[in-house]
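> sequence below, structure please.
(chains A and B)
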Amino acid sequence: MKNLEIAWIISKIADLAELKGENPYKVMAYRNAAENIKKLDVDITELYKKNELLSIPGVGQNIAAKIEEIIETGKSKYYEELKKEAPRDYEKILRIPGLGSSRLRMILQQLPIKDINDLKKAAKAKKIRKLPGLGPKTEQAILTNVKIQENKKNLKPLIFALPVAEEIVNLLNKLDFVEKGVIVGSIRRKKEMIKNINLLIQTTSPERVAKIIKKMPGVEDVSSEGDVITVDMVMGIRAFIHLTRNDFYTKLQHFTGSKAHNIKLKQIAQQRGFELSETGLFKEHTKIVVEAEEDVYTKLGLQYIPPELREDRGEIEAALEHDLPELITLQDIKGDLHIHTNWSDGLNNIEEIAEQARKMGYNYIAITDHSKSLKIANGLTEDELIKQRNYIKKLNKNFKGIEILAGIEVDIRKDGSLDYSDDILKKMDVVIASVHSGFNQDEYTLTKRLIKAMENKHVNIIAHPTGRLLGKREPYKININDVFKKAIENNIVLEINASPDRLDLKDVHCREAKKMGIKMVINTDAHEKSNLYDMEFGVQNARRGWIEKKDIINTKSLKDLKQILSRKL
DNA sequence: GCCGTTTTCGGCCCGACTGTTTTCAGTCG
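Predicted coordinates for the structure are as follows:
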């Protein structure tokens, strides 16, 4: 068992304990411990061997004992017992808005409900509205949202699937009978939601690989058919491990997908007198030597297509014309313009953030804490903001190598007004505006609200424009085209939020915005210094949206950036 | 359940909104 699986079990214990009605602070303690385990940069089994589990923040005697049990037996009795008491798909049920653990617990005490289907039946039979504190609206919410949850088909965010895939592939790559192992499929294409993990492993001994996989940590069930081993992981995701002895690069191309991309590519191959399959590229039944994945494309007369573009969204046509975009890379990024510190709800102070950014080779950053109406995030009052701005000015004098811009993430209130006056906003280097409340307003109201904020001449950037949280919260209803038009009209920069929970704007929106000539910025929205590394996810998402260096303002020099930020009508 | 201490117990993020009530509990961010 590794950090990831242990953290996952501890966090599931938190969810189930909450459902059971345990002390909320106990629940919080489990959640906190799980977060800290996930963040460890050492192997937790090593800590256990050295008897140092208690050195993990948030882990005391009790949780340490559970970790020990999981390491020793692969299981936690407490977790297994809690699971038995809960409905099978409690996670899906709890994603229904308005139905939290407290109400669900009450429902479970009154009605015999074993899964989400039973809940749907109860709602249909109008049994929910009869329960104390619940009424027809909650019943209706259950009915409409059960459908949404049922349609989700177990897709997991990339950030959930990727570390699991990396863990398996790293383990296999250490074996001397594995020549090379790589992640393929939708994870390689950096799709935001993932159904299955796909790995391609070239090995001299498929049998020995199969044996190792059976004994791998975090595995629940293994079956194998032909060259594919199917692995069901404890964390509820399935991995397909494709084993091969040869033809690595045509297989790499094949298993990376997408299906639609491959179908079209094969058609092109045929038209040009080739035959392309996973076992090789052939011309007149003669196998052509393929020594890299690039060869598959170049031998067919195409430009090499990066995995992020392989969705049959016009990339093959563009590659035929040698007209693919020159996709942005992580190295193009010169700074991060959306960062929180411990002045509001961030973990680190400004100096720690700046130091980290300097280490990453950035030329500039913007500190953009929350504004006063976001009480839960300890939003800054006007006085505090001015104080912070002055502090940053002083800091810049003795902080060499990087420029710290004084910014703010100002809240867009329900009527579209901002919660600071123009007098305050005009003093800031960067003004980010964003929505943090009233998500269920209708499309007309929400769009009007965003547009009103974009009309403020001090606003530079709209952050996480659609407000979605992957796998957790739907985007709020806005007319994205109207927002795009306003962005052009008022010279507003739209954010591509790099937080792996958000990726907002999403890939197809990035592409539309680019076509319209809208300027964008890739920001992490970091709440602690390690989040600055999330930039990678933002860049990948942007690449899926055909974004180039020139489309993104934080690839510019400090001088050019300042010019853009000081724009105003 | 964890943590810190003025240490073995008290505090742990908190306010607005919603749907249900008719004064409030639960949910959400």
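> using the three-state scheme, assign the closest residue to residue A:183 other than its chain neighbours.
The shortest distance from residue A:183 to any non-neighbouring residue, by C-beta to C-beta, 6 or more residues apart in numbering, is to residue A:165 (5.0 Å). Every residue, glycine included, has its C-beta placed from N, CA and C. Residue A:165 falls in the helix class when you classify it by DSSP: H, G, I helix; E, B strand; the rest coil.
> so residue A:165 is in contact with residue A:197, correct?
Yes - using C-beta atoms under 8 Å, residue A:165 makes contact with residue A:197 at a distance of 4.5 Å.
> quote the end-to-end distance of stretch A:279-298.
Chord length of stretch A:279-298, first to last residue, is 17 Å (C-alpha to C-alpha, to the nearest Å).
> quick revisit: quickly list what's touching both of residue A:165 and residue A:197.
Here residue A:165 and residue A:197 share the contacting residues A:183, A:187, A:239, scored by C-beta atoms under 8 Å, 6 or more residues apart in numbering.
> give the full set of residues in contact with the closest residue to residue A:119 other than its chain neighbours.
Nearest residue to residue A:119 in three dimensions, chain neighbours excluded: residue A:113, at 5.3 Å (C-beta to C-beta, 6+ apart). Counting by C-beta under 8 Å, 6+ apart, residue A:113 makes contact with A:87, A:107, A:119, A:122.
> now, which of those sits nearest residue A:97?
Ranked by distance to residue A:97 (C-beta to C-beta), these are led by residue A:119 at 14.2 Å.
> tell me the helices and strands packed up against the host helix or strand of the closest one.
Secondary structure assignment for residue A:119, by DSSP states H and E: helix A:116-124. Where contact means 3 or more C-beta pairs under 8 Å, 6 or more residues apart in numbering; DSSP states H and E, helix A:116-124 is packed against helix A:90-94, helix A:136-150.
> the shortest one packs against which elements?
When contacts are defined as 3+ C-beta pairs under 8 Å, 6+ apart, helix A:90-94 packs onto helix A:3-20, helix A:101-110, helix A:116-124, helix A:136-150.
> quick check: which of these is nearest to residue A:370?
In terms of C-beta to C-beta, the element of the helices and strands packed on helix A:90-94 nearest to residue A:370 is helix A:3-20, at 25.5 Å.
> can you pull up the most central residue in chain A?
By C-alpha atoms, centre = their mean, chain A has its centre lying nearest to residue A:500, at 2.2 Å.
> next up, the contacts around residue A:194.
Counting by C-beta under 8 Å, 6+ apart, residue A:194 has contacts A:155-158, A:160-162, A:185-187, A:237.
> next one: residue A:451
Contacts for residue A:451 were tallied using C-beta under 8 Å, 6+ apart; they are A:416, A:482-483, A:486.
> save the residues you listed as JSON lines, and put in secondary structure too.
Formatted as JSON lines, these follow (three-state DSSP):
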{"residue": "A:416", "secondary structure": "coil"}
{"residue": "A:482", "secondary structure": "helix"}
{"residue": "A:483", "secondary structure": "helix"}
{"residue": "A:486", "secondary structure": "helix"}
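> out of those, who's nearest DNA strand B?
Comparing the contacts of residue A:451 against DNA strand B with C-beta to the nearest atom of the strand picks out residue A:416 as the nearest, at 14.2 Å.
> quick check, the closest one in contact with residue A:453.
Yes - at 5.6 Å, residue A:416 and residue A:453 qualify as touching, with contact defined as C-beta under 8 Å.
> for the lowest-mean-pLDDT helix or strand in chain A, which positions count as buried?
Lowest on mean pLDDT, DSSP states H and E among the helices and strands of chain A sits helix A:136-150, with a mean of 85. The neighbour-count criterion (16 or more other C-beta atoms under 10 Å) identifies A:138-139, A:141-142, A:145-146, A:149 as the buried residues of helix A:136-150.
> ok, which of those also contact DNA strand B?
Of the residues in those, proximity to DNA strand B by C-beta under 7 Å from any atom of the strand holds for A:138-139.
> before we move on, back to that, tell me how far the residue nearest to residue A:183 lies from DNA strand B.
Distance of residue A:165 to DNA strand B, given as C-beta to the nearest atom of the strand, to the nearest Å: 28 Å.
> got it, and residue A:87?
To DNA strand B, residue A:87 is 14 Å away according to C-beta to the nearest atom of the strand.
> residues near the residue in the stretch 251-400 of chain A positioned nearest to DNA strand B, how many?
Residue of the stretch 251-400 of chain A nearest DNA strand B, by C-beta to the nearest atom of the strand: residue A:376 (3.6 Å). Neighbour count of residue A:376, defined by other C-beta atoms under 10 Å: 9.
> helix, strand, or coil at the closest residue to it other than its chain neighbours?
Of all residues not flanking residue A:376 in the chain, residue A:345 sits nearest, at 7.7 Å (C-beta to C-beta, 6+ apart). Assigned with three-state DSSP, residue A:345 falls in the coil class.
> where does the prediction get shaky in chain A?
For chain A, residues meeting the criterion pLDDT under 70 lie at A:1, A:567-569.
> what's next to the helix or strand where residue A:232 lies, contact-wise?
For residue A:232, the element it lies in under DSSP H and E is strand A:228-233. Applying C-beta under 8 Å, 6+ apart, the set of residues contacting strand A:228-233 from outside is A:5, A:164, A:168, A:197, A:209-210, A:213, A:216, A:218-224, A:238-243.
> flag every residue of the stretch 1-150 of chain A that's near DNA strand B.
Residues of the stretch 1-150 of chain A lying near DNA strand B (C-beta under 7 Å from any atom of the strand): A:23, A:25-26, A:28-30, A:33, A:54, A:57-64, A:97-104, A:106, A:129, A:132-139.
> for DNA strand B, what is the nearest residue in the stretch 401-550 of chain A?
For the stretch 401-550 of chain A, C-beta to the nearest atom of the strand, closest residue to DNA strand B: residue A:436, 4.3 Å.
> one step back: in CSV, could you pull the C-alpha coordinates for the helix holding residue A:119?
Taking C-alpha atoms only, helix A:116-124 is exported to CSV below (Å, rounded to 0.1, in the frame of the first residue of the first chain):
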residue,chain,number,x,y,z
ILE,A,116,-29.4,5.2,-5.5
ASN,A,117,-32.1,3.3,-7.3
ASP,A,118,-34.0,2.7,-4.1
LEU,A,119,-33.8,6.4,-3.3
LYS,A,120,-35.2,7.2,-6.8
LYS,A,121,-38.1,4.8,-6.2
ALA,A,122,-38.8,6.4,-2.8
ALA,A,123,-38.8,9.8,-4.4
LYS,A,124,-41.1,8.7,-7.2
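> run the chain-centre distance for that helix.
Here the centre of helix A:116-124 is set off from its chain's centre by 31 Å, with C-alpha atoms, centre = their mean, to the nearest Å.
> what of stretch A:364-377?
21 Å.
> start to end distance for that stretch?
Stretch A:364-377 end-to-end distance (C-alpha to C-alpha) = 25 Å.
> show me chain A divided up by domain.
For chain A, the structural domains run A:3-85, A:90-150, A:156-245, A:259-320, A:330-565, going by automatic domain parsing.
> give me whichever of these is most buried.
Stretch with highest mean neighbour count among the domains of chain A: domain A:330-565 (a mean of 19; mean count of other C-beta atoms under 10 Å).
> so which strand or helix has the residue nearest to residue A:224 when sequence neighbours are not counted?
Spatially, and ignoring its direct neighbours in sequence, residue A:224 is nearest to residue A:210 (5.8 Å; C-beta to C-beta, 6+ apart). Take DSSP H and E as the rule and residue A:210 turns out to sit in helix A:206-214.
> and that helix, what does it pack onto?
Packing partners of helix A:206-214 (3+ C-beta pairs under 8 Å, 6+ apart): helix A:158-173, strand A:219-225, strand A:228-233, strand A:238-244.
> quick one on the thing from earlier: who touches the residue nearest to the centre of chain A in this structure?
Contacts for residue A:500 (C-beta under 8 Å, 6+ apart) come out as A:157-159, A:470, A:534, A:537.
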